[in-house]
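*Asks:* no sequence on this one, just coordinates:
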C-alpha cells in the first residue's frame, strides 16, 4: 500500500452488534477487532483477507502465552493490552502486504512501547482504565505497523521483547496486577467509584 495507513480506529463493533471474542482477554478485546475492521473499511479488504490476518494475530498471541502471559493478574496490563497491541500490529502488517520480518518488528515495537504497564482496574472491574487503554493500544499497533512497513526494524527481536515482558511482570508488585490495590484504583477518585459500586469499603 502506497498511502500511509489510516488510524481512524473506529471501535464500532458495539454499535453494529458485532460479536467480540476475548482476544486475547476481555480487558483488551477491542484492540484486535478495531485494527482489523479499520483496515477492512479503509482498504476494502475481503472477509478472507481479514480472517487470514487473525490467524497471524493468534499465532503471535500463542507465542506470547507460551513464553510469557496474557493475564493481567500475572503480568500486568502489559500482558493484556500489550499483547493485544502486538497481535493487532501483526494483523495490520499482514493486511498491508508486509513480510514476516516486518511483522516481527511490528510485534516487538508494539510490545516494547507498553512494557511495564500495570493492571489497576478501578473497583476491580474491567472498565476503567481498560476502555481507554484499548483505544491507545490500537493506536500503538498502527504506529508499530507503520514503522515496520517503512522498513524500520526493531533493534530488539520480538522473542527477546516477549521474554523481557515476562521478566518485568515477574517483578511487578502484586498490588499492580489486577488486584485493584494500587495504581489508578488506589486514587481518591478510584476509591470513591469503588464505594459507589460496592458501598463502604471495610
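*Replies:* Nice, thanks for sending it over. Every value quoted in this text rests on a predicted model; they were computed, and no experiment measured them.
*Asks:* Tell me who's in contact with residue 119.
*Replies:* Shown in contact with residue 119 (C-beta atoms under 8 Å, 6 or more residues apart in numbering): 27, 72, 73, 76, 77, 79, 80, 176, 177, 178, 183. C-betas here are computed from N, CA, C, even on glycine.
*Asks:* Quick one: buried ones out of these?
*Replies:* 27, 72, 76, 77, 79, 80, 176, 177, 178, 183 (16 or more other C-beta atoms under 10 Å).
*Asks:* Skipping its backbone neighbours, what lies nearest the second one in space?
*Replies:* Read it as residue 72. Using C-beta to C-beta, 6 or more residues apart in numbering and skipping residues adjacent in sequence, the residue nearest residue 72 is residue 119, 3.4 Å away.
*Asks:* is the one you found in a bridge, and if so with what?
*Replies:* Beta bridges link residue 119 to residue 177, judged by DSSP bridges.
*Asks:* Could you measure from it over to residue 182?
*Replies:* Separation of residue 119 from residue 182 (C-beta to C-beta, to the nearest Å) stands at 9 Å.
*Asks:* Overlap of the contact sets of the two?
*Replies:* Counting by C-beta under 8 Å, 6+ apart, the common neighbours of residue 119 and residue 182 are residue 176.
*Asks:* pLDDT weak spots in this structure?
*Replies:* Residues of the chain meeting the criterion pLDDT under 70: 1-18, 20, 201-202.
*Asks:* at 50 instead, please
*Replies:* Within the chain, the segments meeting pLDDT under 50 span 1, 6-15.
*Asks:* Where do the helices of it begin and end?
*Replies:* 31-43, 47-67, 72-75, 77, 83-95, 100-112, 130-149, 158-171, 188-198 (DSSP state H).
*Asks:* So which of these is nearest residue 21?
*Replies:* For the helices of the chain, proximity to residue 21 was assessed by C-beta to C-beta; helix 31-43 is nearest, at 8.4 Å.
*Asks:* now that closest one and helix 130-149, what's the angle there?
*Replies:* Going by axes from the mean of the first three to the mean of the last three C-alpha atoms, to 10 degrees, helix 31-43 is angled at 60 degrees with respect to helix 130-149.
*Asks:* List the buried residues for helix 31-43?
*Replies:* If you call a residue buried by 16+ other C-beta under 10 Å, then helix 31-43 has these buried ones: 31, 32, 33, 34, 35, 36, 37, 38, 39, 40, 42.
*Asks:* now swap in stretch 52-60 and tell me
*Replies:* Buried residues in stretch 52-60, counted by 16+ other C-beta under 10 Å: 53, 54, 56, 57, 58, 60.
*Asks:* How about stretch 84-101?
*Replies:* For stretch 84-101, by 16+ other C-beta under 10 Å, it's 84-96, 98.
*Asks:* Also stretch 128-136?
*Replies:* Buried positions in stretch 128-136, judged by neighbour count with 16+ other C-beta under 10 Å: 128, 129, 130, 133, 134, 136.
*Asks:* What of stretch 138-152?
*Replies:* Under 16+ other C-beta under 10 Å, the buried positions of stretch 138-152 are 138, 139, 140, 141, 142, 143, 144, 145, 146, 147, 148, 149.
*Asks:* Brilliant, that's me finished.
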